[in-house]
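**Student:** Test case, fold it:
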Amino acid sequence: MDERDVTLDLLRELLSRQRLGVLATHGESGPYASLVAFAATDDLGRLTFATTRATRKFQLLTAEPRVAMLIDSRSDADLDFHRATAVTAVGPVAELEGEARDEACVRFVARHPHLTDFATAPTTALLALDVETYYLVRRFQTVTELHMR
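**Tutor:** As a prediction, the model looks like this:
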């Protein structure tokens, strides 16, 4: 198994265990961070999340679609500095429509059944972060870049 396969396995494990990520956006007023529920595609090339179109987050994404999403394994303990794993996914975000939205919604709701009403509401946008690069940090200092495209 080569280094890319090992990294993909670590990512799959982390993304399957964690259900929330921190989405970092940027606009004229500066940076903004939001906690979001997400679902990853099987190939890890896309992270899907939902937001109401009336949110600041959606307005920022519409104006500047390049984002970063941080997902980590921390437990808020001192040992996290040495044991936690964190990944930052970077790439553009776009609202999904039609069949692509329907397929992504099935995956998202399967992962977050408590958000079914929210995800399927007409005021909710289902968004996809098409991951260009993952930055995986382990053991406090070990950084691996994984380019997806």
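**Student:** Next secondary structure element downstream of the helix or strand of the chain with the lowest mean pLDDT?
**Tutor:** Every helix and strand in the chain was compared by mean pLDDT, DSSP states H and E; the lowest is helix 80-83, with a mean of 62. Per DSSP states H and E, helix 80-83 leads on to strand 85-95 as the next helix or strand towards the C-terminus.
**Student:** can you list contacts of that next one?
**Tutor:** Strand 85-95 is contacted from outside by 10-11, 14-15, 21, 47, 61, 65-74, 125-138, 148, using CB atoms under 8 Å, 6 or more residues apart in numbering. Backbone N, C-alpha and C define where each C-beta goes, glycine included.
**Student:** Buried ones only from the residues you listed, please, as a ChimeraX command.
**Tutor:** To isolate the buried subset of the contacts of strand 85-95 in ChimeraX, counting by 16 or more other CB atoms under 10 Å, use the following:
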select :10,11,14,15,21,47,61,65,67,68,69,71,72,125,126,127,128,129,130,131,134,136,137,138,148
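**Student:** Sitting in strands, which of the contacts of strand 85-95 do you find?
**Tutor:** 21, 47, 66-72, 125-130, 133-138 (DSSP state E).
**Student:** low pLDDT regions in the protein?
**Tutor:** 75-82, 140 (pLDDT under 70).
**Student:** now do 80
**Tutor:** 1, 75-84, 139-141, 149 (pLDDT under 80).
**Student:** residues contacting residue 106?
**Tutor:** Residue 106 neighbours (CB under 8 Å, 6+ apart): none.
**Student:** how far out from the middle of the chain is the host helix or strand of it?
**Tutor:** Assigned by DSSP H and E, residue 106 belongs to helix 98-111. Between the centre of helix 98-111 and the centre of its chain there are 15 Å (CA atoms, centre = their mean, to the nearest Å).
**Student:** how about the helix or strand just after it: buried residues?
**Tutor:** Toward the C-terminal end, the helix or strand that comes next after helix 98-111 (DSSP H and E) is helix 116-120. For helix 116-120, the neighbour count (16+ other CB under 10 Å) marks 118-119 as buried.
**Student:** All good on my end, thank you.
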